[in-house]
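Student: fold the following and give me the result.
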Amino acid sequence: MPSPLLRRFAGPRRMLLAAAALFALAAPAQAEPRDYRIDPEHFSIVFNAVHIGYAPTWGLFLKGAGSFTFDEETRTLSRLKVEIETGSVFSNNQARDEHLRSPDFLDARAHPLATFVMSEARPTGERTGKVTGDLTLRGVTKPVTLDVTWNKSGPYPFGGTYVTGISARTAIKRSDFGSTYALENDLVGDEVEIRIDLEAIRQ
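Tutor: This next block holds a predicted model:
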């Protein structure tokens, strides 16, 4: 049989334990930084440049990879790195694609990868932000800033994974990276608009 002293403290002890249990149930789960890997099956890198002033000509890269760390609670993005295989360029015209791979444009044989490594990210709204980093293209590295939208994060309806979806836009001057072919008379525009849409799987 418990002593009077133990009986005296048993009631308050049970109350403290119950309060702690209620607090644990009531406290929201805290998010934390998680690593993500870009799903290559849901990774679109699209670009365009104006052709002789008539209209933009569109193209895309068929192969790319990347990863990043993201904290949903604080909306903090870090350690973003993307690699694009320049030889995978596609514009729906074989002759043009071969030209795009040549030293006039991407110089894909000498520089098979274009890379982007982030250096800074800052939110501009609840689901928007700007991400700045170093883009290396044709062996030249320049700072580039992307306008980024966080579309959605949540359990994927297939496969039991957790996915984050992101869209980003930017524009670069190809002459900054050493591609000056057909700039004279504006036969091929200098400014290249880029759009990236991706789904990334939490690791």
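
Student: could you report the pLDDT at residue 15?
Tutor: Residue 15 is assigned a predicted lDDT (pLDDT) of 46.

Student: all further residue positions should be reported with the first residue as 37.
Tutor: Understood, numbering begins at 37; the last thing we discussed is residue 51.

Student: where does this protein have low pLDDT?
Tutor: Applying pLDDT under 70 to the chain flags residues 37-67.

Student: neighbouring contacts of stretch 218-234?
Tutor: Applying Cβ atoms under 8 Å, 6 or more residues apart in numbering, the contact partners of stretch 218-234 are 74-75, 78-89, 92, 102, 118, 140, 182, 201-211, 217. From N, CA and C alone the C-beta is placed, and that goes for glycine too.

Student: what of stretch 203-212?
Tutor: With Cβ under 8 Å, 6+ apart as the criterion, stretch 203-212 contacts 85, 141, 167, 171, 173, 176, 178, 180-185, 187, 216, 219, 226-234.

Student: please check the residues you listed and keep the buried ones.
Tutor: Buried by 16 or more other Cβ atoms under 10 Å: 85, 141, 167, 171, 173, 180, 182, 184, 226, 228-234, out of the contacts of stretch 203-212.

Student: burial count for residue 123?
Tutor: 17 (other Cβ atoms under 10 Å).

Student: ok so it is a helix residue?
Tutor: Yes: counting by DSSP: H, G, I helix; E, B strand; the rest coil, residue 123 is part of a helix.

Student: I'd assumed residue 75 was in contact with residue 239.
Tutor: No: look at residue 239 against residue 75 with Cβ atoms under 8 Å: they stay out of range, at 11.6 Å.

Student: sorry, back to before: so which of the buried ones among the contacts of stretch 203-212 are in strands?
Tutor: Using DSSP state E, the subset of these located in strands is 85, 167, 171, 173, 180, 182, 184, 228-234.
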